[in-house]
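> sequence below, structure please.
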Amino acid sequence: IRVVVASATIERNKFAQYIDSKDNENFLEISGKMFPVEVFYESEIPWDYDFTQGAANKVGKIVKNHLVGDILVFMPGKREISDTIEKIKTAIGESTAEIIPLHAELPPEDQDKIFLPSKKRKIIVATNVAETSVTIDGIIHVIDSGVIKQTRFNPATGIEQLVLVEHAISGLDQRKGRAGRTAPGFCYRLFTEDSLHRRPQYQTPEIQRANLAQVVLAMKKVGIHNATDFDFIDRPDRKAITQAENTLHLLGALDGDGYLTEIGELMV
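Below you'll find the predicted structure:
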């Protein structure tokens with residue numbers, strides 16, 4: 001049996017250490033063909049900066065200057081996508097381009113619209129779903145808000161929130177690369193170059209910032225009784241595991257010894 005772990009932004013050394021790979025002999029790096037991408041930054045960001053309006057302004061300049069090529073705009077969520085599309089329509093009108101939203105909640109047939117040929121310039125306003133999973137022919141311009149939405153769970157309060165955070169450098173590089181897949185391109189970052197210094201290289205793994213009740217439940221089902229001692233690649237906080245077990249006890253999913261009850265089996 002061969003197990004292949006593949007990722008566009010994998011932390012190579014961490015995975016090598018975890019699987020005890022010697023001299024990296026089990027690693028293959030496939031760079032692919034990449035055309036040069038010129039990157040532009042904002043000189044300064046005012047405190048009340050609206051990145052949805054900033055993206056629309058960049059689209060307006062590209063269209064006004066008659067720069068060829070389709071445009072991919074990265075926004076953190078569905079609401080920001082909707083706001084950006086409305087502002088783009090105000091900036092350039094609705095007849096000059098085909099403006100297409102792209103996010104995970106859209107049905108597959110609507111997501112596939114980004115691949116259909118069009119007689120107009122395509123402007124795709126997307127979440128991270130377009131960051132690594134798809135290559136869209138014709139994209140020459142990428143406009144990057146520089147932010148994403150992440151789930152954050154507080155074990156002390158039991159509250160999970162969706163928060164806006166600065167994107168990590170690895171993700172920013174992936175977004176930039178969307179503009180260089182089929183031809184030389186341009187990436188317009190809606191933040192200053194100085195802000196790169198405070199951004200992490202990689203985002204915090206989801207298992208270290210999410211509610212672990214479902215994870216612990218699944219582990220119990222497959223016979224991993226003590227999640228605290230499990231050898232995770234990215235070890236979650238002990239408090240988060242304890243909180244998850246307490247929640248499962250309260251819901252009747254675990255008995256006094258921490259094993260699945262009939263209710264727990266149904267929940268799995």
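> when you work out contacts or count neighbours from here on, use the C-alpha atoms and nothing else.
OK.
> please enumerate the strands of the stretch 1-150 of the chain.
Per DSSP state E, counting those that start in this stretch, the stretch 1-150 of the chain carries strands over the ranges 37-40, 70-74, 97-102, 121-126, 139-144, 147-154.
> quick one: which of these is nearest residue 1?
Nearest to residue 1, of all those, is strand 147-154, at 34.6 Å by C-alpha to C-alpha.
> who does that closest one pair up with?
Within its sheet, strand 147-154 is paired with strand 159-166 (antiparallel), according to DSSP bridges.
> contacts for whichever helix or strand comes after the strand it pairs with?
Counting by DSSP states H and E, the next helix or strand C-terminal to strand 159-166 is helix 169-177. Residues from elsewhere that reach helix 169-177 (C-alpha atoms under 8 Å, 6 or more residues apart in numbering): 8-9, 34, 37, 39, 74, 131-132, 142, 144, 146, 186-187, 196, 199-202.
> mark which of those are buried, thanks.
37, 74, 131, 142, 144, 146, 186-187, 196, 201 (16 or more other C-alpha atoms under 10 Å).
> can you add pLDDT and distance to residue 112 and give those residues back as a markdown table?
Output for these, formatted as a markdown table (pLDDT from 0 to 100; distance: C-alpha to C-alpha, whole Å):
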| residue | pLDDT | distance to residue 112 |
| --- | --- | --- |
| 37 | 95 | 26 |
| 74 | 96 | 17 |
| 131 | 73 | 15 |
| 142 | 97 | 19 |
| 144 | 97 | 22 |
| 146 | 95 | 25 |
| 186 | 97 | 24 |
| 187 | 97 | 24 |
| 196 | 92 | 33 |
| 201 | 91 | 31 |
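> would you point out the most distant pair within these?
Farthest pair in the buried ones among the contacts of helix 169-177 (C-alpha to C-alpha) is 186 and 201. Separation: 21.9 Å.
> what residues sit buried inside stretch 32-46?
Within stretch 32-46, the residues that qualify as buried are residue 37, counting by 16+ other C-alpha under 10 Å.
> ok now the helix or strand bottoming out on mean pLDDT in the chain, how far from the chain's centre?
Lowest by mean pLDDT, DSSP states H and E among the helices and strands of the chain is helix 12-18, with a mean of 81. Put simply, helix 12-18 sits 22 Å off its chain's centre (C-alpha atoms, centre = their mean, to the nearest Å).
> hey, C-alpha coordinates of it in PDB?
In PDB, the C-alpha atoms belonging to helix 12-18 read as follows (Å, rounded to 0.1, in the frame of the first residue of the first chain):
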ATOM      1  CA  ARG A  12       7.500  19.900   4.200                       C
ATOM      2  CA  ASN A  13       9.900  19.600   7.100                       C
ATOM      3  CA  LYS A  14       7.100  19.100   9.600                       C
ATOM      4  CA  PHE A  15       5.600  16.200   7.600                       C
ATOM      5  CA  ALA A  16       9.100  14.700   7.000                       C
ATOM      6  CA  GLN A  17       9.800  14.700  10.700                       C
ATOM      7  CA  TYR A  18       6.400  13.200  11.500                       C
END
